[in-house]
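>>> Let's see this in three dimensions:
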Amino acid sequence: MKANNLVNSHNEWDELEEIIVGSARLARVPEKDKGIIAASVGGGYDYFDPDISEFFPEYILHETEEDIDNFTSELKKLNIKVRRPEDISINNFSTPD
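Numbers count the residues shown, from 1 in each chain. Got it, this is the predicted structure:
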């Protein structure tokens, strides 16, 4: 059977050859719920706004993208192929009926 995956894994011990790394550019503030509260350290859940359509502040997105870019640069230095997919807006996201 031929796989259509661009990147796949067959075991846990082979050297990493290729990876898909996403982006934080379109990250949104998650809806405040019990899961977010439980995962928040030190009561930081007060930051989360119930309006899930809100983006994180620009400075957070910028710093996160900088970290991701640094991470991918280090991977490339190790001769690991890094795939960076295009950003996808979730504004018109839906599931099939």
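>>> Show the contacting residues for residue 16.
Residues near residue 16 by C-beta atoms under 8 Å, 6 or more residues apart in numbering: 75, 78, 80. C-beta coordinates here come from the backbone N, C-alpha and C atoms, glycine included.
>>> Just the buried ones out of those residues, please.
residue 75 (16 or more other C-beta atoms under 10 Å).
>>> ok, so of the contacts of residue 16, who is nearest residue 88?
Using C-beta to C-beta, residue 75 is the member of the contacts of residue 16 that sits closest to residue 88, with 21.9 Å.
>>> just the helices in the chain please.
Counting by DSSP state H, the chain has helices at residues 34-39, 58-77.
>>> Same list, those helices, but as TSV with mean pLDDT please.
Output for the helices of the chain, formatted as TSV (pLDDT from 0 to 100):
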stretch	mean pLDDT
helix 34-39	67
helix 58-77	94
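>>> For residue 85, which of those helices is the nearest?
Closest among the helices of the chain, using C-beta to C-beta: helix 58-77, at 12.4 Å.
>>> so what does the closest one touch, helix or strand wise?
Counting contacts by 3 or more C-beta pairs under 8 Å, 6 or more residues apart in numbering; DSSP states H and E, helix 58-77 packs against strand 81-83.
>>> Now do the strand it packs on: which elements does it pack against?
With 3+ C-beta pairs under 8 Å, 6+ apart as the test, strand 81-83 has strand 18-20, helix 58-77 packed against it.
>>> Which of those sits closest to residue 35?
Closest among these, using C-beta to C-beta: helix 58-77, at 20.1 Å.
>>> So for that closest one, what gets flagged as buried?
Those would be 61, 68, 72, 75, for helix 58-77 by 16+ other C-beta under 10 Å.
>>> Provide the count of other residues in contact range of the nearest residue to residue 54 once chain neighbours are set aside.
Using C-beta to C-beta, 6 or more residues apart in numbering and skipping the chain neighbours, the partner closest in space to residue 54 is residue 29 (4.8 Å). For residue 29, the neighbour count with other C-beta atoms under 10 Å is 18.
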